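Asks: Whatever this is, show me its structure:
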Amino acid sequence: MNTILWLKAFHVIFMVAWFAGIFYLPRLFVNHAESTEPAVINQLKGMEKRLLYFITPFAILTVIFGSSIIYVYGYDWFAAAKWLHIKLALVLCLLVYHVYCFKLLNTFQQDKNTRSGMFYRIFNEVPVLVLFAIIILAYVKPF
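Replies: Predicted coordinates:
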């Protein structure tokens, strides 16, 4: 039982670190989309790139520790945990979101962004809603 607690602890630690970055990155995109000052734009380009590359290992470690937890609990538990299947689908959506952030980063790096700050404000809310659902699924286990 001690092993599973360590796996859960590291899973949550890396998830929190990942989400801190995934919440902040679109805010940088908002500022970037709304800025017209070249010095500010160049600074934001650097901040966006460093942040996304910094949080990517946290995303990977979150998945590794989460997968380890599933492995330790075993197939029978996995098959019976319907809430976990929904959670994994949401995590997959977050991973797609994370990868899409690389596309957005590339667009900003090339000065080709055509989207408004409002788009990025809405984009910023997606992981918040997914996090709420994941936390409810993981702790309440409604299914």
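Asks: buried ones in the longest helix anywhere in the chain?
Replies: Across the chain, the helix with the greatest residue count (assigned by DSSP state H) is helix 38-73. By neighbour count on 16 or more other Cβ atoms under 10 Å, the buried set for helix 38-73 is 44-45, 48-49, 51-52, 55-56, 58-59, 61-63, 65-66, 68-69. All C-beta spots, glycine's among them, are computed from the backbone N, C-alpha and C.
Asks: next one: the helix or strand just after that helix to chain centre, how far?
Replies: Where DSSP states H and E defines the elements, the next helix or strand beyond helix 38-73 is helix 75-80. How far helix 75-80 lies from its chain's middle: 26 Å, per Cα atoms, centre = their mean, to the nearest Å.
Asks: With just CA atoms, put stretch 116-129 into PDB.
Replies: Backbone C-alpha positions of stretch 116-129 (Å, rounded to 0.1, in the frame of the first residue of the first chain) are rendered in PDB as follows:
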ATOM      1  CA  SER A 116      -8.000  37.800 -30.800                       C
ATOM      2  CA  GLY A 117      -7.200  38.100 -27.100                       C
ATOM      3  CA  MET A 118     -10.800  37.000 -26.500                       C
ATOM      4  CA  PHE A 119     -10.200  33.700 -28.300                       C
ATOM      5  CA  TYR A 120      -7.300  33.000 -25.900                       C
ATOM      6  CA  ARG A 121      -9.300  34.100 -22.900                       C
ATOM      7  CA  ILE A 122     -11.900  31.400 -23.800                       C
ATOM      8  CA  PHE A 123      -9.200  28.900 -24.700                       C
ATOM      9  CA  ASN A 124      -7.800  29.500 -21.200                       C
ATOM     10  CA  GLU A 125     -11.000  28.200 -19.600                       C
ATOM     11  CA  VAL A 126     -10.900  24.800 -21.300                       C
ATOM     12  CA  PRO A 127      -8.400  23.200 -18.900                       C
ATOM     13  CA  VAL A 128     -10.200  24.700 -15.900                       C
ATOM     14  CA  LEU A 129     -13.400  23.000 -16.800                       C
END
